[in-house]
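S.K.: fold the following, please.
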Amino acid sequence: MEVMEDGNLMDKVHILIQRDMEYYKNNQTVLQETICPGVAGGRLDFPRSVSFAAMKLVLWWEEEYVAAYRKNSGFLQKCEVSDQNMDTSGGCGGIVKASDPTKFVNLINKSAEQLLEHLHVLTQEALDHADLTVLTGTIGAATLLKNCLWFYLQSISEIKGSQVELLHDSSKKYQEMGEALAERLLDLHCRLLSLYILQEAESLDWENQKAFCESERGSYVIQMWWLYMQGTKEDLWNTVPPKMAQRVFSGMLNESLTILTVRYTQSCPSEARSKLLVVDISNLLLCIAQLLPCICDRAEELVGLNLNSKSKILRDIHTKCQELLNCLVLRGASLDVLHKVFRKGIENVDIFKSKSLGPAPWIIFALPNIFKVHPKNTLRMSDLPPNIAIALELTVLLAQPQPNWALLLKVSRLISYYPYYTLQVLGMKNCKLLKLILEFSLENFSAEIQQPTIRVEPCGFFLCSSDGTCKCIDTSVPFLTPLHYYDLIASVTCVILTIGSNDDFSDILFSAISHQPNWAKCFDRRNVWNQIRPPWYESILTFIKPLLPTITRTVINAIQTGASMYQAMLVILGCYSQLWDCVNTVLPRVSTLIQDLLPADVTPLNHSALIQILISALYTELLRQSELEQNKKVKFSGVPAETPAKVPEHKNSITSFEGSCSSPGDIALAVAESLCSIDEDNKHTDQIEEFLEQVKDSLEMFDDSGEEGSSRVEGSEQITEVLVSDILMTMHGKKSLKRLHHFIKNNSEWFFQKLGISEKVEPVVPNRVIAASCPLLHTMFHIGYRSFDQLLTGEWQPNWNGLFQTPMGLSIDRVWAQISLRWEFRDINSSSLSTRDVQIVNHLTTVLKQS
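M.R.: Okay, here's the model as predicted:
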C-alpha cells in the first residue's frame, strides 16, 4: 500500500486512512503486518499481527517523538536515529522538523482520534458481515496503539496538566475499544455455538423410543462441539493477543457449558436413549478436562484447589462440571449398584458428606491417566504425589497461548526437587526434569565443537529488537542436531546455576557432567587457549562476561600508554579485584565445587579452577577484540596487501612487545597469549593468592546465599517471578528459557511417559525439533489419546462404588431429583424391568422420598 511519507503528520494520517479504507473495499480484508514473535504477548499483551495503518502510525509517532525529544522513545527497540537527525540544528541538508513536547502530545492525540474513528468503521463492517479476519485485525490495531500510548505516558515526565490527561484519555479509549471488541468476538462465537454447533435434532430427541445410531456411538453434538472448540482455540491463539485469547476462550467454554449442563441434567430420556445421556456426559467431562488447562494459570486452578480467590468463570466451570458428574453417577450407575450403596443407610453413603477441600471429584474422574487412585488428605498441591503434581503443572504449562516463564521455572524446579517413588512408578531413581534433559543431551552430544557464532539478525517482523532471541532455535530440520544438544546443555546449565543451590549444582549438574569422558579437559592449564569447550563450561563463563569489555579496554589502554606485559598482567588482576563485587556469587560457588571434583591429572592455572575460568573468559574476549580489529581494516580489490616489515625476533616477543606503536587488535592478541603463562615462574603468584583470598572472604560473607537455591521457587509466586526476571535480564538466560520451553513443548510425551501418566503406548524418543501435528481425523474422533464413547464400548469402566463413596456435598433432595428422572423410576411398569428391578426401584423410592 502506497502512502505519503513526507509532510505534516495529520495530512499523512488522513491519506493513510483513505488508502486503508480503499484497500478494505477492494479486498474485503485489512492489510496486516506480523509482529515479532519475541514481542507478541508479554505483560502488555501485544497482538500477533496488526493492521498496516496502525503499524505506520506508530512509526510516524516515533519520528515525532525523536523530533520533539531528540532521542528514541525505546518503544521501537531497534530504531537507530543518527546524531545528525537528533541535532536541534538538523545538520546540513534535509528537512528539519521543528517540534517540542507540547506539539508532540497534540499531534499524538489528534492522530489517535482519527484512527480510532477509522477502526470503529472497520469494526462495524466486520460485525455486519461476521468477518473474523477484519475483527481480529482491528483488535490487533487497538491493542498496539494502546500499548504505544501507555509507553509514551510512562516516558513523558516533564509535561503535566490537561495535555497529558488528553493522552491518557486516548490510551483509555483504545483500551476500552480493545475490551469491547473482545466482547463482540466472544459474543460472535457464542452465537455460533448456541445456534449451530449445539443444535442437532436427532440426538437431542430424548423421548424417542428408538436408540440413537443403534447405540453404537454418542451424539454428534459433543463431537462437533469438541472439534469447534479445538479449532477456535488454535485460531484465537494465532490471531488474538494471548491474554485476550484466553479470556475469549474461557467465555466460550463457560457459556457453552451452561447450555450443555442444563440440557443434560434436566433431560428425561427414554429407555432407549438413557445410555446416550451417560455416554455424552462422560465424553463431555473428558473434553473439558483437556480444554480447561488452556485458561488456567497454574495447576491449582485446574484441579479446583482454593478457588475462592480465583476468577468467577473458573468457579462456574468447576461447579457445572461437578453437576454433570453428579448426574452421570446417579443416572449411569446400574440399579444393582444403587441398591448396594443405599441399602446400608443414607448415613453411610459418603456422597452426602460435605465436599473436601481437595481436588474436585470431577477432574479426578476426567483425568484417569493422572489420578489412578483418589488422593486423600490433599489441601495443597504439595500434598499430591510428586509425579501427579508435576504432570498437572506441566499440562497447564503446555496449554498456554504464550510461554509462562514462571510456571516453566516452577515445573523445572518441581521435577528437580521431588524425589520420586520411582522404583515403582518410573523404574528409575532420583529422576528430575532438568537432569533428564541434561543426561539425554549429554548422551547424544559427543562432538567437540566450538561455540557457534550466531549472527544477530532481525526476523523481519514489526517491533523486532534484533537481539536474536526470536530466532534462537533452528527449526529448519525435523530432528535435533549436535548444535541443538549443545544449546540444550548450555540452557540447562544456565538455569541451574541461576536458581540452584550448591547441592543442586552437585546433585543435578555435575553428577551428570562428571561421568562424561575428559569432562575436566577444559580446566587444564594447557587448554586456556582452546576455544573448543563444552557447552556447560561456556555457560559458566557467561557469568564473568559483563566485566570483560571493561577489563579489555583498560589493559589495551595501559599497553598503549607504555605499560609492559608484566604490568598488563597486574592490571588484569587488579581489575578483577576491583570489580569482584559486581560478579554473581554463582561463579565462586561453582568454581569451589569444581575444584573438589577435578581429577589429579588436571592442573588448572595456579591450581585454581576459578583462575582458569577467569583467564579463559578473558582470553576469548581478547581474541574476539583482535578479530574485530582485523575485520575493520579496509581492503581494496586489486591492491596488494602490505607486507609487514620484518622485525627482529626479540622485538616480536611477548616480553618486549612494543604496544605504543601497535594496533588495538595486535595488543589484544599479544595480551591473550601472555595470559596463558600468567602463573609461570611465580611472576604473579602473590597477586593471584591475594585475589583468591579476597574471593574466599567475599564468599564467606555471603555463605548462606547458596543454601536455599531452587527451593525458593516453592516459596511464593513473587519469588518465582523475581528469579525468572533475573534469568530474562540476560541474553543468554532469555535464550536458555526459550530453548528449554521449546524442547519440553515439542517432546512433552516423553516427559509424561517418564512421569508414568502418558496414555501413549509406544515409547517416545525426545529428538523432535517440531512436534508432528495431530491429524484432523484423530482430533475429531479422539479426546487426547482416548477415543470417543469409551464408556459405551466398555474400554473404560468407572468405579461406581468409589464415586458414591466420594464426598460431594449432595442433599437427599438433589439425589432424588436426578434418580427420579431415570426411566426405571418414570416407567416402573415397563416389561424391561425384572421383578427384582421393581423391588429395588420401590425400595430406593421409599428410602429417598421419606428421607
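S.K.: what's the spatially most central residue of the chain in contact with, if anything?
M.R.: Centre of the chain computed as the mean C-alpha position; nearest residue by Cα atoms, centre = their mean is Pro403, 1.4 Å away. Neighbouring residues of Pro403 by Cβ atoms under 8 Å, 6 or more residues apart in numbering: Leu737, Lys738, His741. For glycine as for every other residue, the C-beta is placed from the backbone atoms N, C-alpha and C.
S.K.: isn't the first one right next to Ala406, touching?
M.R.: Right, Leu737. No: using Cβ atoms under 8 Å, Leu737 is not in contact with Ala406, being 10.3 Å away.
S.K.: quickly list what's touching both of those two.
M.R.: Residues touching both Leu737 and Ala406 (Cβ under 8 Å, 6+ apart) are Val724.
S.K.: just checking, Trp816 touches Phe825?
M.R.: No: look at Trp816 against Phe825 with Cβ under 8 Å: they stay out of range, at 9.3 Å.
S.K.: now render the contacts of Pro403 as JSON lines, adding pLDDT, distance to Asp316 and secondary structure.
M.R.: Below are those laid out as JSON lines (pLDDT from 0 to 100; distance: Cβ to Cβ, whole Å; DSSP: H, G, I helix; E, B strand; the rest coil):
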{"residue": "Leu737", "pLDDT": "93", "distance to Asp316": "34", "secondary structure": "helix"}
{"residue": "Lys738", "pLDDT": "94", "distance to Asp316": "35", "secondary structure": "helix"}
{"residue": "His741", "pLDDT": "94", "distance to Asp316": "30", "secondary structure": "helix"}
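S.K.: separation between Arg589 and Asp524?
M.R.: Relative to Asp524, Arg589 is positioned 22 Å away (Cβ to Cβ, to the nearest Å).
S.K.: of the two, who's got more company?
M.R.: Between Arg589 and Asp524, counting by other Cβ atoms under 10 Å, Arg589 is the more crowded of the two (21 against 17).
S.K.: quick check: closest non-adjacent residue to Gly140.
M.R.: Nearest residue to Gly140, sequence neighbours excluded (Cβ to Cβ, 6 or more residues apart in numbering): Pro47, at 3.5 Å.
S.K.: pLDDT weak spots in the stretch 351-500 of the chain?
M.R.: Where the stretch 351-500 of the chain drops to pLDDT under 70, the residues are 413-432, 455.
S.K.: rerun that using 50 as the cut-off
M.R.: Across the stretch 351-500 of the chain, the ranges flagged by pLDDT under 50 are 417-431.
S.K.: all helices for it, in order.
M.R.: In the stretch 351-500 of the chain, the helices defined using DSSP state H, counting those that start in this stretch lie at 361-366, 386-399, 405-417, 422-425, 433-444, 482-499.
S.K.: would you reformat those helices as TSV and include distance to Gly460?
M.R.: Listed next are the helices of the stretch 351-500 of the chain as TSV, based on distance: least, Cβ to Cβ, whole Å:
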stretch	distance to Gly460
helix 361-366	43
helix 386-399	28
helix 405-417	25
helix 422-425	46
helix 433-444	30
helix 482-499	22
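S.K.: and of the ones you listed, who's closest to Gly74?
M.R.: Across those, Gly74 has its closest neighbour in helix 405-417 (21.8 Å, Cβ to Cβ).
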